[in-house]
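Participant: Attaching a predicted model along with its sequence, questions to come.
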Amino acid sequence: MLRRNLLAAVLAVTLAPVAAFAEQHGTSAMPLLEIDVAGEATGTIRIQLRPDLAPGHVERVITLAERGAYDNVVFHRVIDGFMAQTGDVQFGVRGGDTSRAGMGGSELPDLAAEFTDAPFARGVMGMARSRAPNSANSQFFLMFEPAPHLDTQYTVVGEIIDGLDVLDAIHRGRGPNGAMTDEPDYMADVRVVMPD
């Protein structure tokens with residue numbers, strides 16, 4: 001009984017930021033992340049965020065998007081048949097030196113892992129991290145194809161509900177491990193919206 005009450009209290013606390021967002025916007029619907037992609041690919045990717053799977057990670061994405069931190073951040077690692085990675089708000093901002101893109105995060109602390117059984121299917125949004133499980137911060141990736149080897153090893157944050165064609169058009173990296181050696185595509189504008 002005590003364990004069940006403790007679990008309920010923890011869930012209430014971790015879901016509070018998402019609930020506050022929904023209340024502030026006058027609805028109980030879950031937030032969507034909209035990413036306007038520019039460069040070789042152009043268009044909008046809409047992602048249904050999943051606070052039921054990863055409340056802490058979803059709260060972080062919402063916070064950074066609402067601050068405008070993701071605007072003009074490049075896709076620094078794009079591997080054909082695997083995924084497109086972005087979200088380095090420290091070293092990945094277009095117009096600056098992006099040679100260290102992929103090595104940074106935000107000024108906020110790293111996140112505790114929220115691994116689940118949700119599969120890394122095509123269109124899934126996952127949080128990037130180092131080898132340390134509790135090291136996700138601001139970077140995320142979008143899956144071109146399923147990657148079962150990531151299941152239960154990385155945190156699933158959402159799933160693309162519109163714009164897979166835009167994802168598929170993102171410029172692929174030609175360097176080692178999908179690194180960009182030429183002009184990368186980027187997130188021109190990232191916003192959080194409530195569905196109709």
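Facilitator: Yes, it's here. Numbering: from 1, shown residues only.

Participant: Other residues contacting the host helix or strand of Val61?
Facilitator: Here Val61, judged by DSSP states H and E, is contained in helix 55-67. For helix 55-67, the surrounding residues in contact (CB atoms under 8 Å, 6 or more residues apart in numbering) are 11, 14-15, 17-18, 21, 31, 33, 49-51, 70, 87, 89, 106, 108, 111-112, 114, 127, 136-138, 140, 155, 157-158, 190-192. In short, each C-beta sits where N, CA and C put it, glycine included.

Participant: where exactly do the helices run in this protein?
Facilitator: Ranges of helices in the chain, per DSSP state H, are 2-24, 55-67, 164-169.

Participant: just to revisit the earlier point, any of the contacts of helix 55-67 buried? List them.
Facilitator: Buried residues within these, counting neighbours by 16 or more other CB atoms under 10 Å: 14-15, 17-18, 21, 31, 33, 49-51, 70, 87, 89, 106, 111, 114, 127, 136-138, 140, 155, 157-158, 190-192.

Participant: low-confidence ranges in this structure?
Facilitator: Applying pLDDT under 70 to the chain flags the ranges 1-28, 195-196.

Participant: Name the residue closest to the centre of it, please.
Facilitator: Nearest to the mean C-alpha position of the chain, counting by CA atoms, centre = their mean, stands Phe140 at 3.8 Å.

Participant: Now that residue. Nearest residue, chain neighbours left out?
Facilitator: Spatial nearest neighbour of Phe140, excluding adjacent residues (CB to CB, 6 or more residues apart in numbering): Gly87 at 4.7 Å.

Participant: my guess is that neighbour contacts Ser138, does it?
Facilitator: Yes. In this structure, Gly87 is within contact of Ser138 by CB atoms under 8 Å, at 5.0 Å.

Participant: who touches both of these two?
Facilitator: Leu64, Tyr70.

Participant: tell me, how many neighbours does Tyr148 end up with?
Facilitator: Quick fix: residue 148 reads Pro, not Tyr. For Pro148, the neighbour count with other CB atoms under 10 Å is 9.

Participant: Quick one: residues contacting it.
Facilitator: Applying CB under 8 Å, 6+ apart to Pro148 gives the contacts Pro119, Phe120.

Participant: how far away is it from Phe120?
Facilitator: Distance, Pro148 to Phe120, using CB to CB, to the nearest Å: 7 Å.

Participant: Would you map the strands across the chain?
Facilitator: For the chain, the strands defined by DSSP state E cover 32-38, 43-49, 73-74, 77-79, 83-86, 124-127, 140-143, 156-162, 186-193.

Participant: CSV for those strands, including distance to His171?
Facilitator: Listed next are the strands of the chain as CSV, based on distance: least, CB to CB, whole Å:
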stretch, distance to His171
strand 32-38, 10
strand 43-49, 13
strand 73-74, 10
strand 77-79, 7
strand 83-86, 9
strand 124-127, 19
strand 140-143, 13
strand 156-162, 18
strand 186-193, 10
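
Participant: Nothing else from me, thank you.
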